[in-house]
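Peer 1: My questions concern the predicted model and sequence given below.
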Amino acid sequence: MTFPLRGLLLILPLLVVAALLPLGVSGYILGLLTVAYYFAVFSMAWDLLFGFAGEVNFGPTFLIGLGAYGAGILNNRYGIDIPLCLLAGTLLAVVGGLALAVPALKLSGPYFGLVTLVAVLLLQNLIVVFSDLTGGEIGLTVPDVISIDADTNYWIALGFMAVSGLILTAIARSPAGLILQAAGQDPVVAGALGFNVAKHKIAAFAVSAAFSGLAGGLIVFYMGTASVGTLIDTAVGVQIIIAAVLGGRRTIVGGALGAVFLIAAGEILRPLGSLSTFVVSAAALAVILFVPTGLLGLASLRRAS
């Protein structure tokens, strides 16, 4: 049994427990977990590009922001229904992601990551410059939300995370995913074997953009607002990256585990004030340094023993 399948077997009981949580926890906890599940999708989508394609995207919030603001603006300014807004936001994220990836993937070394980071800064500036359309630094409010019921919002987020993880894992384990992994480890050898490395990496970026954009749109219609600080700030991107690595690189579902862990740990340690950030960061760093396979790998090893 390969590691990804063991990971899924570990996650399945957790999903069952998570689905029953609305029966016994407060609306506040459900709201916290709802946000965590959307961040889990961000991390899983990022892991597809980094863990398998070997490309470090330092700007995951660029794709998230395109999907979030694309969907939010259509609903805010034109009153378009949520499903169409989500579709448009997802397409915008894919198109914008491809417009960034096609030239950026021609670069080698750290330059791809630097380009994605600059893209985030450009998007932030565009949102501020076109504040009449985007709401600027104040933020964009949408008139429609998915639901006002905490249980409904929770189950939608949980279901979306589960389906996203299943699809992304299936892609990663498919023949195309194996080629992508080979291209990420040694693109020269993969190209010599006849594989189109560029095509597979661009496809991975498009898939990552689609899930990031859709999750960005969904979280906007859950919270009712979009802002630079909550969705596009570079600190948010760092949290997404840490969650993916913390959960377990090249596992997909590990990104979900890492995202939920970070948000839950931050909330539990909130009474410590500013010290809570230090404690969570130190714990994450310890796991990354001493457990390279991440939390999911650690859980798998304990179960095997």
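Peer 2: That came through, no problem.

Peer 1: how about low-confidence regions in the chain?
Peer 2: The chain contains residues with pLDDT under 70 at 1-10, 108-109, 297-305.

Peer 1: what about 50?
Peer 2: 1-3, 301, 304-305 (pLDDT under 50).

Peer 1: quick one, strands of it?
Peer 2: Applying DSSP state E to the chain gives strands spanning 140-141, 225-226.

Peer 1: Nearest to R270, out of the ones you listed?
Peer 2: strand 225-226 (21.9 Å; C-beta to C-beta). All C-beta spots, glycine's among them, are computed from the backbone N, C-alpha and C.

Peer 1: Relative to A150, how far out is Y222?
Peer 2: 10 Å (C-beta to C-beta, to the nearest Å).

Peer 1: Then G65?
Peer 2: From G65 to A150 the distance is 26 Å (C-beta to C-beta).

Peer 1: So for those two, which sits in the more crowded spot?
Peer 2: Counting neighbours by other C-beta atoms under 10 Å for G65 and for A150 shows that G65 has the greater number, 32 against 17.

Peer 1: Quick check: that one touching G217?
Peer 2: No: contact criterion C-beta atoms under 8 Å: G65 and G217 do not qualify, at 10.6 Å.

Peer 1: residues contacting L257?
Peer 2: For L257, the contacting residues are 11, 40, 247-248, 294-296, 299, by C-beta atoms under 8 Å, 6 or more residues apart in numbering.

Peer 1: Just give the nearest non-adjacent residue to it, would you?
Peer 2: Counting by C-beta to C-beta, 6 or more residues apart in numbering, L257 lies nearest to G247, which is 4.2 Å off, once chain neighbours are set aside.

Peer 1: Burial check on the one you found, number of neighbours?
Peer 2: 31.

Peer 1: same deal with L20?
Peer 2: By other C-beta under 10 Å, neighbour count at L20 equals 10.

Peer 1: Same check on L14?
Peer 2: Neighbour count of L14, defined by other C-beta under 10 Å: 14.

Peer 1: buried ones in the longest helix along the chain?
Peer 2: In the chain, assigned by DSSP state H, the helix with the most residues is helix 197-223. Along helix 197-223, these residues count as buried under the neighbour rule (16 or more other C-beta atoms under 10 Å): 197, 200-205, 207-223.

Peer 1: cool, stretch 141-155 as well?
Peer 2: Neighbour count says stretch 141-155 has 142, 146, 150, 153-155 buried, by 16+ other C-beta under 10 Å.

Peer 1: coming back round to it: now the strands of the chain in TSV, with distance to I252?
Peer 2: Shown next, in TSV, are those (distance: least, C-beta to C-beta, whole Å):
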stretch	distance to I252
strand 140-141	31
strand 225-226	26
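
Peer 1: And A68, how far from T61?
Peer 2: Taking C-beta to C-beta, one finds A68 at 9 Å from T61.

Peer 1: For the two, list the residues in contact with both.
Peer 2: 231-232.

Peer 1: Off-centre distance for stretch 79-93?
Peer 2: Counting by C-alpha atoms, centre = their mean, to the nearest Å, stretch 79-93 is centred 18 Å from the centre of its parent chain.

Peer 1: L117: which of the buried residues of stretch 141-155 is nearest?
Peer 2: Closest to L117, out of all of the buried residues of stretch 141-155 and judged by C-beta to C-beta, is V142, at 27.7 Å.

Peer 1: List phi and psi for that closest one.
Peer 2: Note on V142: its backbone torsions stand at phi -110, psi 140 [degrees, to the nearest 10].

Peer 1: need the contact list for it.
Peer 2: Applying C-beta under 8 Å, 6+ apart, the residues near V142 are 72, 75-76, 220-221, 224-226.

Peer 1: Can you flag the buried ones in the residues you listed?
Peer 2: 72, 75-76, 220-221, 225-226.

Peer 1: Tabulate the residues you listed (a markdown table), appending distance to V238.
Peer 2: Output for these, formatted as a markdown table (distance: C-beta to C-beta, whole Å):
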| residue | distance to V238 |
| --- | --- |
| G72 | 23 |
| N75 | 29 |
| N76 | 28 |
| V220 | 21 |
| F221 | 25 |
| T225 | 22 |
| A226 | 19 |
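
Peer 1: Pull the residues that contact stretch 218-225.
Peer 2: Outside stretch 218-225, the residues touching it (C-beta under 8 Å, 6+ apart) are 34-35, 38, 68, 71-72, 75, 82, 85-86, 139-142, 144-146, 153, 156-157, 160, 226, 230-231.

Peer 1: make it 7 Å
Peer 2: The contact list for stretch 218-225 (C-beta atoms under 7 Å, 6 or more residues apart in numbering) reads 34-35, 38, 68, 71-72, 82, 86, 139-142, 144-146, 153, 160, 226.
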